[in-house]
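> structure for this input, please:
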Amino acid sequence: MRKVRRTVIMAAVFVAAVVLFAFTSSSFAQNQLPLDFRGVTSLETGPNWLSGAGDDLATQRSHPGHAATDVRPAISSSRAGAATVLAASIPRTRSQRVVAADHGFFGFSGLTHFDQRFAGTGAFTNTQFSLEPPDQGLCVGRGFVMEIINNALAVYDSSGNLLSGPTANSQFFNMQPEIIRSTPPVFGQFISDPRCYFDPDTRRWFITELELDTDPVTGAFTNHSSVLIAVSKTSSPVGAYYLYSFDVTDGDGTQPGHPGCPCFGDQPLLGANSNGIYITTNEFPLSGPGFNGAQLYALSKGALVAGALPTVVHINVAATPTPPPDQANGALWYSVQPATSPRGANGEDESSGTEYFLSALQFGPAPFDNRVAVWALTNTRSLSQSSPSVQLLHTVISTESYGMAPGTFSAPQKSGPTPLRDALGDVDPLEQLAGNDDRMNQVVFAAGDLWAGVNTSLAGEEGSTRLGIAWFDVTPSLHEGNLSARIHNQGYVSVSGENVIFPSIGVNQNGGATMAFTLVSPHRYPTAAYSPIQGSAGNVRVAGAGVGPDDGFTGYASEVGPPGLVARWGDYSAAVADANGNIWFAAEYIGQSCTFAQFAADTTCGGTRSLLANWGTFIGRVPSH
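From the prediction side, this is the model:
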C-alpha cells in the first residue's frame, strides 16, 4: 500500500566495474500453504460511466501498522563492516534534454481518480474509497490493453477505445463493496496494490491484489489478510475468470520468523516464468510496529490456468540463512522484485526452470549504496508436483551509486489552480510530489538480461540536487547450481532543473528498452514521459503533458495532519512489450485543471476529478526499436 488512504468531510465545497563480493546458495525453509478457490467472475463488455453524484462521507481509512513513505525498518546504529565502499556524496551525472515524443508514438488518457472513485455498477455504485496515488498495473496482449489501479480496472483496444470498465475491483473479485454509504455506513474488505500480467505462453491474463478483512461496523482492520488471484479462462481479458486466494496472515505472532503477526503482505509484486507465477510481499503486523521483511510465494501456472488448486510454496526470504550484508544494523531483505518476460519463458531451460528477481540494498543509515542483489528460484518445474521442491539462490554485485539524500524526497511542481486547497482554506504552500524511496521497481528478463530502475537523488553538471533515476541491466548466470551475475550496462536519467520519478522499464524480446516515469518541476505540471535506452538512456520524451498541478488531499495538513506539503504520488509505474516489440507504459500525470468557481459548482469539474483528488494516468505506446 505505502500510501495514505483516507476519505474525509470537506466543508464546501554508477558506471563502474562489477565486483562480485558475496555469493550464497541456500535452500530456504519452505512452507506449503493451501490455495482457496473463490469461484468465477467476469468482466463485462461496455463502459460503466457514472454521474459522480454524492461524494465521500466522513469516513477515514489509514494504513495499517507502518509509515506511509517507507517499508524498511528504521536503523539507528552505524554501518558495520560493509563489504564495499559506499558513495559519500550524491551521484553526479550529465543531464538529458526534454524533447517531443518519437515519430510513431501513440498515447491516450487512462484511468483517473474520478474513474476509480465512481467505478462499479448496481449494488457497487458509489461504494469506492478515495485513494491516492494510483498503484499502476498494465498488461498488453492480443490487441488488448488492461489497466488496473488501486481498486478499479479497465480494458481498451490497441487504439485506446474503452471496451470494459471502469470496474470496481471488489465487484470483480466477488467481494463486498468497500463502503456502503448508508447511515450508519457498512464496510467491506479493503483491497490495494493490484498487478496484472498477460502470459504469452498460455495466452491468459493474471491479476493479483492485496486484501485485508475489516470490521463491517467500524471499518477497522481485523486479524486476517490474503492475496487474491484472478486468471482468465480465455485469451480475451473481457470474459470469465477463475478466482483464487491464499492467506498471508502468518499466524498469531508465535510462528518463528513472523513476530507481531497477524500480518499482511504489503504491495504484492508479480512475476512469471514458463512454470509458475511468483508473488513477493513485504510483511507488516496488522496492528502495531514491526517489519518482517520479504516473503515469496510460488504457484504452478498450469494449474491456475486449468482452474485447479496447486500448492502455494511460501519462503520467508527475510529469514534466509545468509542474511543481507547489513544485518548487524537490523536490515532485512525487502522488495524482492520478481521478473516477467516478453516471451513468458523466463529461464525455463536453466536448473529445471528458473525465475529471477532483483532487490536494492540501500538499508540506511548511509543514504547511498552501490550494490544490488540478484536472486534465482530454481527447479520451478517441480511446482506442478504435489510436493514442490525449489531452491532460492542469491548473489550481491556492485553497481553505480543510488540513494535518497536528506531533503530530496519530494519534487516541486508548477503552480496553478488548486480548488481543493482553496476550499479547505489550507494556508500551506503548493504541495510537492513524494519521491518515496529507492526500492527496486519492476523487473523484466529479456534477451538474457534483467532490467530495472530505482528512484535516486542526483547532482547535475550545474551542481543542483534533484530526483532522478538509476537503471540497471544485469546479466545473471547459473552453472551447476551456482548463481553469478554482472552488470552489463547501467546509467542515470536526469533533467537539469527538473525531477524524474517512479521508473518502469519495458523491454522487448530483442532487448529494446524504454523507461517510463513522471517528469515534474517548478515550471512543469506533472507529466508522463519516457526515455528510450540504446546503450545509454536517451533524451526525455514528453508523452502526456500535464495541464495543471496535483491537488490531492494527501498533501494538505488539514486532511492528513501536519506538516502536509508532500502529496503521495506514483508508488510505481508500469511498462511492458507487446508481441510486435512495441513498448507500452502507464504513468501518473495531471490531465485536468479547473477553477475554484467551477469546482464549487461541480466538485467533479465535469467528471475530470473527484472531490478529493485530481490525478490521472497516461498510457503510451513507443514503436519497436
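> quick check: which ranges of the stretch 451-600 of the chain have low pLDDT?
When residues are selected by pLDDT under 70, none of them lie in the stretch 451-600 of the chain.
> now with 80?
For the stretch 451-600 of the chain, applying pLDDT under 80 flags the ranges 460-463.
> so what's the closest residue to H625 other than its chain neighbours up against?
Using Cβ to Cβ, 6 or more residues apart in numbering and skipping the chain neighbours, the partner closest in space to H625 is G512 (5.0 Å). (C-beta placed from N, C-alpha, C; glycine too.) Taking Cβ atoms under 8 Å, 6 or more residues apart in numbering, we find G512 in contact with 534, 577, 581, 583, 624-625.
> T518 too?
Taking Cβ under 8 Å, 6+ apart as the contact definition, T518 lies against 433, 500-502, 526-529, 569-570, 573, 587-589.
> pretty sure Q128 is touching A168, no?
Yes. In this structure, Q128 is within contact of A168 by Cβ atoms under 8 Å, at 5.9 Å.
> below-threshold pLDDT in this structure: ranges please.
Looking at the chain by pLDDT under 80, you get 1-30, 46-89, 320-323, 325-330, 344-350, 364-366, 426-428, 460-463, 625.
> re the thing from before, how much space separates the residue nearest to H625 from F585?
13 Å (Cβ to Cβ, to the nearest Å).
> equivalent analysis for A485, please.
Distance from A485 to F585, by Cβ to Cβ: 26 Å.
> which one of those two has more residues nearby?
Neighbour totals were compared for A485 and F585, and F585 leads with 29 against 26 (other Cβ atoms under 10 Å).
> how about that one: what's its closest non-neighbour residue?
A516 (3.5 Å).
> tell me the contacts of the one you found?
503-506, 528-530, 543, 573-575, 585-587, 620.
> what sits opposite it in the beta ladder?
When bridges are called by DSSP bridges, A516 pairs up with S504, Y530.
> buried subset of the contacts of T518?
433, 500-502, 526-529, 569-570, 573, 587-589 (16 or more other Cβ atoms under 10 Å).
> mind listing which of those residues are in strands?
433, 500-502, 526-529, 587-589 (DSSP state E).
> show me where the stretch 201-350 of the chain has helices.
In the stretch 201-350 of the chain, the helices defined using DSSP state H, counting those that start in this stretch lie at 301-305.
> just the strands in it please.
All strands of the stretch 201-350 of the chain, identified by DSSP state E, counting those that start in this stretch, fall at 204-214, 221-232, 240-247, 263-272, 276-285, 293-300, 312-316, 337-340.
> quick one, the second one and strand 293-300 angle?
Relative orientation of strand 221-232 with respect to strand 293-300: 40 degrees, computed using axes from the mean of the first three to the mean of the last three Cα atoms, to 10 degrees.
> got the angle for strand 221-232 vs strand 240-247?
150 degrees.
> between the contacts of A516, which is nearest P262?
The closest of these to P262 turns out to be A574 (Cβ to Cβ; 30.2 Å).
> tell me the contacts of that closest one?
Counted by Cβ under 8 Å, 6+ apart, A574 has contacts 136-138, 442, 504, 516, 585-587.
> tell me which of those residues is nearest to T222?
Nearest to T222 among the contacts of A574, with distances taken as Cβ to Cβ, is G137, at 26.2 Å.
> A strand includes that closest one, no?
Yes. Assignment of G137 by DSSP: H, G, I helix; E, B strand; the rest coil places it within a strand.
> quick check: it vs A100, distance?
Counting by Cβ to Cβ, the gap from G137 to A100 is 28 Å.
> between these two, which has more neighbouring residues?
Neighbour count, other Cβ under 10 Å: between G137 and A100, G137 has more, with 26 against 11.
> nearest residue to the more buried one other than its sequence neighbours?
I148 (3.9 Å).
> how close does that neighbour get to R142?
If you go by Cβ to Cβ, the gap between I148 and R142 works out to 17 Å.
> okay, helices next: where are they in this protein?
Remark: helices assigned in the chain by DSSP state H are 113-117, 169-172, 301-305, 419-424, 557-560, 596-601.
> so which of those helices gets nearest F198?
helix 301-305 (12.6 Å).
> and the closest one, what does it pack against?
strand 221-232, strand 276-285 (3 or more Cβ pairs under 8 Å, 6 or more residues apart in numbering; DSSP states H and E).
> and among those, the most buried is which?
strand 276-285 (a mean of 27; mean count of other Cβ atoms under 10 Å).
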